[in-house]
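> Mind folding the following:
(4 chains)
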There are 2 protein chains.
Amino acid sequence: MRQEDAPLVRTLPLFAGASETTVEKLLQASFLQRFPAQVELISEDQPADFFYVVLEGCIELFANAGPKQSTAAIVRPVSSFAAAAVLRDGNYLLSARTLEPSRVLMIPGESVRAAFAGDAAFAKAFALELAAAYRRTMKALNNQKLRTAIERLANYLLQEHQTQGAAGNLTLPTEKQTLASLLGMTSENLSRSFGALAAHGVKVTGREIQLSDITSLETIAKPTPLIDDPMY
Amino acid sequence: MRQEDAPLVRTLPLFAGASETTVEKLLQASFLQRFPAQVELISEDQPADFFYVVLEGCIELFANAGPKQSTAAIVRPVSSFAAAAVLRDGNYLLSARTLEPSRVLMIPGESVRAAFAGDAAFAKAFALELAAAYRRTMKALNNQKLRTAIERLANYLLQEHQTQGAAGNLTLPTEKQTLASLLGMTSENLSRSFGALAAHGVKVTGREIQLSDITSLETIAKPTPLIDDPMY
DNA sequence: CGACGATTTGAATAGGATCAATGGGAGTGG
DNA sequence: CCACTCCCATTGATCCTATTCAAATCGTCG
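Residues are numbered from 1 along each chain as shown, chains lettered A, B, ... in the order given. Just a heads-up that it's a prediction; the model follows:
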């Protein structure tokens, strides 16, 4: 990777407590790559050669089964993916594509495992990241199994509203297609779910959403910190 | 914990490479408990005080949302749960109850984190366990989002058939209620799904299942190693 | 302007859930 | 040992949710 990027990368939470040598070794073997939108970075079922850290842009993780496709997560800076696959030296369970032009740090799995074994601070940071991702996935599973499509959408809107400053409006960060897949429904159904939420103060104009009755929306959504609080 | 249990516990894969001192410290602070069936060991949303290792019996992990309930996983010996919650020193995302009389090793979260920080071999084993659980959960999410109820049941049967020796028959390891919840459906719907699979050689007698046409069942199930292979 | 992909809308269908009632064992107590 | 009871499981009927297929509309980009 290029010299001028080193400072940025060193500030990553993942490298917070790691020793100088560890970071040095990791970065030396890594690639800091720029990708345009709609590039497939990894394909499910392939050997997990790299651990990925998203520095800029936006990556969609998704799975295929025959003709169907499901978005498992959307990764934004600064966050990572493929931790479990790399640590276990297994195969990717998900494919990944850029949704926007992105900058991505690619660290060889071999290097990650070596750093994990040799640097306790890095091991801790890496495992904490892994555990956080695990918990997000568990929440996604509960979300999917315990809620209807409208409830999932309502909770998504409330969460995004919170993230974006709770100003009574928000902007969808992805195409509605992608959002639908993330929320486990078809895009037609997402459209209808938005329609149903109009009665609860949700006004949709393209990707711009206005929430004029949060209370009513919360009544529908029945949010619970166990599923919806990103900090949990 | 009692002296006579120490040898058994020391053979756990989790402690495989760990130093004598690490294991010593962990076990000293731990409890090896026996529980009857239908005891709730942990309740979601509570501080994650203990990491659990199931030595005998069977534990159900589940989540509640209002009146609904969903089984996230069923843990059998020798395996563990609450790794992520304990490592992050957070709260449990799931409740846990014994389905059968069980023996469980309870290791204080504090001790786990100390051992993780102090013993690289233990850290590695623990993180590998965590990563494995993560991947199981991701597969469960894909299973839920990409498949119909009948497909999930068909794949479950094929997998269990494999696990139990591929002899053309298998025994359901839990009540059908629990299985239904694990597979993300109501028990009525499970019953009907079994009915639908009769046309594909699935004969149900209580908990005993006979599979007389694996090929036909696979046609329905469309299994894929990415979701169904436990080794992946 | 024209073309293409994304989104919306409509109609029909399928997949699951709910509600209600019935059948079937396993365990308990006489 | 048998009858009773309770809980689990099944079955039927109906309702609701969500998908599918088709067509129309909207936006964006060249």
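> wait, does the longest helix anywhere in chain A contact DNA strand D?
Counting by DSSP state H, the longest helix found in chain A is helix A:120-146. No - on the criterion C-beta under 7 Å from any atom of the strand, helix A:120-146 is out of touch with DNA strand D, staying 9.9 Å away. Any C-beta I mention is one placed from the backbone N, CA and C, and that applies to glycine too.
> Just want the angle from that helix to helix B:120-146.
20 degrees (axes from the mean of the first three to the mean of the last three C-alpha atoms, to 10 degrees).
> Residue A:94 contacts residue A:61, doesn't it?
Yes - between residue A:94 and residue A:61 there is a contact under C-beta atoms under 8 Å: 4.4 Å.
> Which residues of chain A lie near DNA strand C?
Checking chain A against DNA strand C by C-beta under 7 Å from any atom of the strand, the hits are A:175, A:176, A:177, A:187, A:188, A:190, A:191, A:192, A:194, A:195, A:204.
> just the residues you listed that are near chain B?
Residues of these in contact with chain B (C-beta under 8 Å from any C-beta of the partner chain): none.
> Of these, grab the buried ones for PyMOL.
For the buried members of the residues of chain A next to DNA strand C, the matching PyMOL selection, counting by 16 or more other C-beta atoms under 10 Å in any protein chain shown, is:
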select buried, chain A and resi 190+194
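> So for the longest helix of chain A, what gets flagged as buried?
So for helix A:120-146, counting by 16+ other C-beta under 10 Å, buried means A:120, A:122-146.
> which residues of chain A fall in helices?
Using DSSP H, helices in chain A cover A:6-10, A:20-29, A:83-87, A:109-118, A:120-146, A:149-163, A:176-182, A:187-197, A:214-221, A:225-228.
> Any residue of stretch A:149-164 touching DNA strand D?
Yes - applying C-beta under 7 Å from any atom of the strand, one finds stretch A:149-164 touching DNA strand D at A:149, A:150.
> Run through who's touching that stretch.
A:143-144, A:147, A:168-173, A:179, A:183-185, A:189-190, A:193-194, A:196-197, A:200, A:202, A:209, A:211, A:214, A:217-218, A:220-223, A:227-228, A:230 (C-beta atoms under 8 Å, 6 or more residues apart in numbering or on different chains).
> Going by neighbour count, list what's buried in it.
So for stretch A:149-164, counting by 16+ other C-beta under 10 Å, buried means A:149-161.
> and those, which two are the farthest apart?
Pairwise distances across the buried residues of stretch A:149-164 (C-beta to C-beta) peak at 18.5 Å, for the pair A:149 and A:161.
> The residue nearest to residue A:122 when sequence neighbours are not counted: how many residues sit nearby?
The shortest distance from residue A:122 to any non-neighbouring residue, by C-beta to C-beta, 6 or more residues apart in numbering or on different chains, is to residue A:18 (4.1 Å). Residue A:18: 24 surrounding residues under other C-beta atoms under 10 Å in any protein chain shown.
> Any chance of the backbone angles for residue A:18?
Dihedral angles of residue A:18 (phi, psi; degrees, to the nearest 10) stand at phi -70, psi 150.
> Pretty sure it sits against residue A:112.
No - counting by C-beta under 8 Å, residue A:112 is not a contact partner of residue A:18; they are 11.6 Å apart.
> what do these two both touch?
With C-beta under 8 Å, 6+ apart, residue A:18 and residue A:112 have common neighbours residue A:26.
> List the contacts of the residue nearest the centre of chain A.
Taking C-alpha atoms, centre = their mean, the centroid of chain A lies closest to residue A:75, which sits 2.7 Å from it. By C-beta under 8 Å, 6+ apart, the contact list for residue A:75 reads A:54, A:58, A:59, A:60, A:61, A:81, A:96.
> Count the residues that sit near the third one.
When you say that, I think you mean residue A:59. Residue A:59 has 25 nearby residues by other C-beta under 10 Å.
> Kindly report the same for the second one.
By the other C-beta under 10 Å criterion, the neighbourhood of residue A:58 contains 19 residues.
> follow-up on the earlier one: just give me the closest of the buried residues of stretch A:149-164 to residue B:22.
residue A:159 (39.8 Å).
> Bridged to the closest residue to residue A:55 other than its chain neighbours, which residues?
Spatial nearest neighbour of residue A:55, excluding adjacent residues (C-beta to C-beta, 6+ apart): residue A:103 at 4.4 Å. Beta bridges link residue A:103 to residue A:34, residue A:56 when assigned by DSSP bridges.
> Measure how buried residue A:103 is and give me the count.
17.
> Would you agree it is in contact with residue A:33?
Yes - the pair residue A:103 / residue A:33 is scored as a contact, 7.2 Å apart, by C-beta under 8 Å.
> sorry, back to before: which one of the contacts of residue A:75 sits closest to DNA strand D?
The closest of the contacts of residue A:75 to DNA strand D turns out to be residue A:58 (C-beta to the nearest atom of the strand; 16.0 Å).
> ok, the closest residue in space to residue A:88 that isn't next to it in sequence - contacts?
Excluding its sequence neighbours, the residue lying closest to residue A:88 (C-beta to C-beta, 6+ apart) is residue B:131, at 5.1 Å. Shown in contact with residue B:131 (C-beta under 8 Å, 6+ apart): A:83, A:84, A:87, A:88, A:130.
> Alpha carbons only: can I get the helix or strand of chain A with the lowest mean pLDDT in CSV?
Least confident element among the helices and strands of chain A, by mean pLDDT, DSSP states H and E: helix A:6-10 (a mean of 80). Written as CSV, here are the backbone C-alpha positions of helix A:6-10 (Å, rounded to 0.1, in the frame of the first residue of the first chain):
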residue,chain,number,x,y,z
ALA,A,6,-0.4,4.6,6.4
PRO,A,7,-1.3,7.3,8.9
LEU,A,8,-5.0,7.0,8.2
VAL,A,9,-4.9,3.2,8.5
ARG,A,10,-3.0,3.3,11.7
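> how about that helix: buried residues?
residue A:9.
> which other helices and strands contact it?
Judged by 3 or more C-beta pairs under 8 Å, 6 or more residues apart in numbering or on different chains; DSSP states H and E, the packing partners of helix A:6-10 are helix A:20-29.
> who's in contact with the helix it packs on?
Against helix A:20-29 from outside (C-beta under 8 Å, 6+ apart): A:1, A:6, A:9-10, A:15, A:18, A:107-108, A:110-112, A:114-115, A:118-119, A:121-122.
> According to the record, where do the domains of chain A fall?
A:3-145, A:148-228 (automatic domain parsing).
> Deepest-packed of those domains, please.
domain A:3-145 (a mean of 19; mean count of other C-beta atoms under 10 Å in any protein chain shown).
> Centre of the chain to it, how far?
Distance of domain A:3-145 from the chain centroid (C-alpha atoms, centre = their mean, to the nearest Å) equals 10 Å.
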